[in-house]
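S.K.: got a predicted model here, sequence first, then my questions.
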Amino acid sequence: MTQQTTQFLSGVYAAEKIPLTDAELARFAGRYPLARAAADSMFELVEAKYESPATVFSALARNPGGTQ
């Protein structure tokens, strides 16, 4: 567990006002690198690029009820 990971997770939980004990933070920080690697690996699968829900999306704003 790195200091950077611990600070990141503390910030995320604090921003959402979720209480977190030191033991929970240590457990989450220890598992975070594996979870992050698993999430990042989804973007490396060429076969999944056009599946639903897509890992690639258009950043264009849409306004279905009005004009653009």
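M.R.: Here it is on my side, so go on. Here the structure is a predicted model, which is why all the values come from computation and not from measurement. Residues are numbered from 1 along each chain as shown.
S.K.: where in the protein is pLDDT low?
M.R.: Flagging of the chain using pLDDT under 70 yields the residue ranges 1, 48-49, 51-68.
S.K.: flag every buried residue along the helix or strand harbouring R31.
M.R.: Here R31 sits within helix 22-41, counting by DSSP states H and E. Judged by neighbour count (16 or more other CB atoms under 10 Å), helix 22-41 contains these buried residues: L25, F28, A29, Y32. For every residue, glycine as well, the C-beta is placed using N, CA and C.
S.K.: likewise stretch 3-14?
M.R.: For stretch 3-14, by 16+ other CB under 10 Å, it's T5, T6, L9.
S.K.: who's in contact with that stretch?
M.R.: Contacts with stretch 3-14, where a contact means CB atoms under 8 Å, 6 or more residues apart in numbering, come from P19, L20, L25, F28, A29, Y32, P33.
S.K.: look up phi and psi at the first one.
M.R.: Put plainly, it is P19. Dihedral pair for P19: phi -70, psi 140, per degrees, to the nearest 10.
S.K.: report the contact partners of it.
M.R.: So P19 contacts Y13 (CB under 8 Å, 6+ apart).
S.K.: most widely separated two among the contacts of stretch 3-14?
M.R.: Spatial extent of these (CB to CB) is set by the pair P19 and P33 at 23.4 Å.
S.K.: contacts for stretch 25-36 next, please.
M.R.: Contacts for stretch 25-36 (CB under 8 Å, 6+ apart): M1, T2, T5, T6, F8, L9, S10, Y13, L20.
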